[in-house]
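Asks: here are the coordinates; sequence isn't available:
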């Protein structure tokens, strides 16, 4: 881990690593969910749909399957509208399995279909309107769900965690299929819209940063990026590309 001893040396170090950081971002940096129907190439916001898409992304990518295949699968899930909680929550296990199979996600499709069902239950019941409707409305739950009157907003997860990264980590691991790796991948992306998570690089990207001369001082890296959370997300995804595709910087 690289550290600085005073503000002057910290500034010098930020200048030193700025060039390789900008090379990674300019050549390989991508916004979260790049290439999908959800992504806006200029900006993302913390909408419920965007956040749910980010969780779908990490559930799919947490399994030991090729990067290209998982990307194809997440594209198909989003094309089918699964990042809209009112759509995901009304799917059956069989429907989810079929959509995953159509996306090419064959080896773990049945397990993943179960995970997606559990995800929708938690998002609706813990982070949606149903948190406050009470037992008096229970007989009307199915009808409310059918007509899109129940929602789910993962911004409520951040609020429940009081904006604390480690509390968010604990709550994220309540989603089946999301382990330590999945949380790290989620943090790579969500810091772009939840600034309290920044600065963050997943452990494998941090190792890549050290290998290509950027070093492992997150605060210095963040300083070199002007403490811009979206830039940190671009760097994290760029470093992942460097590692996965064995790119030269």
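Replies: Perfect, I can see it now. Predicted model only: the values in this text are computed from it and were never measured.

Asks: check the gap between residue 203 and residue 230 for me.
Replies: Using C-beta to C-beta, to the nearest Å, residue 203 is found at 21 Å from residue 230. The C-beta positions use only the backbone N, C-alpha and C, and glycine is treated the same way.

Asks: how's this structure carved up into domains?
Replies: Dividing the chain into domains by automatic domain parsing, as the record does, gives the ranges 1-31+192-249, 46-176.

Asks: and these as JSON lines, adding mean pLDDT?
Replies: Output for the domains of the chain, formatted as JSON lines (pLDDT from 0 to 100):
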{"stretch": "domain 1-31+192-249", "mean pLDDT": "88"}
{"stretch": "domain 46-176", "mean pLDDT": "88"}
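
Asks: what's the first helix or strand after the lengthiest helix in the chain?
Replies: Across the chain, the longest stretch assigned as helix under DSSP state H is helix 7-28. Following helix 7-28 in sequence order, the next helix or strand is helix 48-61 (DSSP states H and E).

Asks: what's the next secondary structure element after that following helix?
Replies: Taking DSSP H and E, what comes next after helix 48-61 is helix 67-79.

Asks: buried stuff in the next helix or strand after that next one?
Replies: Next along the chain after helix 67-79, taking DSSP H and E as the criterion, comes helix 85-88. Using 16 or more other C-beta atoms under 10 Å as the test for burial, helix 85-88 gives 85, 86, 88.

Asks: quick check: angle from the helix or strand following helix 85-88 to helix 67-79?
Replies: Heading C-terminal from helix 85-88, the first helix or strand you meet, by DSSP H and E, is helix 93-102. Between helix 93-102 and helix 67-79, the angle comes out at 130 degrees (axes from the mean of the first three to the mean of the last three C-alpha atoms, to 10 degrees).
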